[in-house]
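Undergrad: could you look at this predicted model? Sequence included:
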Amino acid sequence: MVSSDESGMLTSPSGATLEIPVGAVPRTHDGEVGQIVFTIDERQTNDRRANLPEGLELAPTAFEIGPDFQTLSSPAVLTLPIPGDIPMDRIGGLAWYDETDGQWVVVPSRVDAANRTVSADVTHFSLWSWWQEREDSDRRWKAANGGYVEVGNLISNAPPFPTTFFGWGDRRDSYTSYGVCVDGYYVENETLRDNTWWQPYDWMILQRAFPGSDFERPQEGSHQYWLPQGQYDMSEVIFFSEMNRSTGYVPAYGWASRPLGTVVIAAGGQVQYTWKEEDRVKDVSLESGGWTSGRPECAGREMPAPGHGDVQVQLIWPQENVDLDLHIIEPDGFEIYYDADTSPSGGWLDQDNRFGAGVPENVFWEEARSGTYTVEIVYFGGVVPANWTIRTIVQGQIEIYTGTISPSSGEERSRIRITQLRVG
């Protein structure tokens, strides 16, 4: 579990890591320190060719990063290990599975040949894997179809902007992330342009500098990220969070961005952006630099951390325009759902989703009474079957349940019992 006031790292048995920077976990709906339990589960990829272009394939292993659909205040760093029998020049980058469209989508990634890893800045969680050139390819696909963006961050631990720009007073030293994000694009290769594997939304390429931290390590110098040949509307982005080691205190953080205009990525070419000490903005108004404060669109929507405690139950589903409802029956018979979102025993439905493909429904008890809690799903509205996932955390123990529910053909709504949770 990682809180708003701390950083954290999660490592899978095979060496996949998820690095959560300080300040990345959002606050809760009521402004308190948020806490999120992150998970990494390994599984096999069923269709390695999937929807990727000819000559490419997915890795045989995928990683389910949870909780699904959760977004953060700033991106986390997902790093996947590459097995020793795969040549590093075949590796292209990371890809995530979009359950709404049933397609794999790639993101700009950095390949570290020396450490045999591939990493990306991720703003949401789902099923992730890496893509590569097939063994029978000529290893020239990336060079023939795209170029690189190189991003560097050489700034020290002083804030990149006057903190008054964000309405703060004097603040401590900060962790600084600098990079670029894609606001729009036109890929010249018709095959790639028409293929759903390449959809640059919620894209962000960041280079972090974490001086003096107990946990984070600086990403010294710069890194390269492959993009298909084409024209991209890009913006520079900076995220920074003040350093903090006080328990319970959530560090102040801020975003700033400015447009770069159209950037051309040529086959075999490279463009470079580096944030240096002399680039620090000293003008409080920032008008001369063209910077504006606020979360950039490419960072995605920030989702408050769900409530948590002795018992927490979440329901998610990828289908749009479908309304599923989470119902939980307490030991004394009280039923928590959208029309009774709090219980006398302290249960609370703090997140209700009526449209699908978005915010998970979430019910929690900070201090749960002993007894049996029954978890059920009701299909409230829609016309298509919905693939649901239930995630339960009972006194630190996580369980995942999956299945499908269809709308009822009769007058009564479809309702299914998922599990019973025992506390005490």
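TA: It's in.
Undergrad: residues near the closest residue to Glu335 other than its chain neighbours, how many?
TA: In this structure, Glu335 finds its nearest non-sequential neighbour in Ile329, 5.0 Å apart by CB to CB, 6 or more residues apart in numbering. Where you see a C-beta, it was placed from the backbone N, CA and C, and this is true even at glycine. Neighbour count for Ile329, taken as other CB atoms under 10 Å: 17.
Undergrad: for Asp339, same thing?
TA: 9.
Undergrad: when you give positions from now on, start the count at 343
TA: Okay, residue one is now 343; in that scheme the one you just asked about reads as Asp681.
Undergrad: now Gly689. Its backbone dihedrals?
TA: Dihedral pair for Gly689: phi -70, psi 150, per degrees, to the nearest 10.
Undergrad: same check, this time on Trp483
TA: phi -60, psi -50.
Undergrad: that one: how many residues sit nearby?
TA: Trp483 is flanked by 18 other residues according to other CB under 10 Å.
Undergrad: isn't it up against Trp473?
TA: No: using CB atoms under 8 Å, Trp483 makes no contact with Trp473, being 10.6 Å away.
Undergrad: between these two, what contacts are shared?
TA: Jointly contacting Trp483 and Trp473 under the rule CB atoms under 8 Å, 6 or more residues apart in numbering are Leu398.
Undergrad: what is Pro570 paired to in the beta sheet?
TA: Gly488 (DSSP bridges).
Undergrad: could you do the one 5 residues further on as well?
TA: Per DSSP bridges, residues listed as beta-bridge partners of Asp575: Gly526, Thr604.
Undergrad: look up how far Glu374 lies from it.
TA: From Asp575 across to Glu374, the span is 38 Å (CB to CB, to the nearest Å).
Undergrad: can you check Ala485 too?
TA: Remark: distance between Ala485 and Glu374 (CB to CB) = 50 Å.
Undergrad: between these two, point out the one with more neighbours.
TA: Between Ala485 and Glu374, counted using other CB under 10 Å, the more crowded position is Glu374 (14 against 11).
Undergrad: let me know the pLDDT of Asp621.
TA: As predicted, Asp621 sits at a pLDDT of 65.
Undergrad: hey, where'd the strands end up in the stretch 593-742 of the chain?
TA: With strands called from DSSP state E, counting those that start in this stretch, the stretch 593-742 of the chain shows them at 595-607, 612-617, 634-635, 653-658, 665-671, 677-678, 690-693, 703-707, 713-723, 728-736, 739-747.
Undergrad: so what's Trp473 up against?
TA: Contacts of Trp473 (CB under 8 Å, 6+ apart): 394, 398-401, 434-437, 446, 448.
Undergrad: bridged to it, which residues?
TA: Trp473 has the following beta-bridge partners by DSSP bridges: Leu400, Gly435.
Undergrad: residues contacting the residue nearest to the spatial centre of the chain?
TA: Geometric centre of the chain, nearest residue: His466, 1.9 Å, by CA atoms, centre = their mean. Applying CB under 8 Å, 6+ apart to His466 gives the contacts 411-413, 544, 642.
Undergrad: next up, the contacts around Pro638.
TA: When contacts are counted by CB under 8 Å, 6+ apart, Pro638 touches 523, 577, 579, 597, 599.
Undergrad: the closest residue to the last one other than its chain neighbours and Thr387, how far apart?
TA: Take Ser599 and drop its neighbours on the chain: the residue closest to it by CB to CB, 6+ apart is Pro638, 4.2 Å away. From Pro638 over to Thr387 the distance is 32 Å, taken as CB to CB.
Undergrad: do Trp633 as well
TA: Taking CB to CB, one finds Trp633 at 41 Å from Thr387.
Undergrad: now Asp443
TA: Going from Asp443 to Thr387 by CB to CB gives 17 Å.
Undergrad: who has more neighbours out of these two?
TA: Neighbour count, other CB under 10 Å: between Asp443 and Thr387, Thr387 has more, with 17 against 12.
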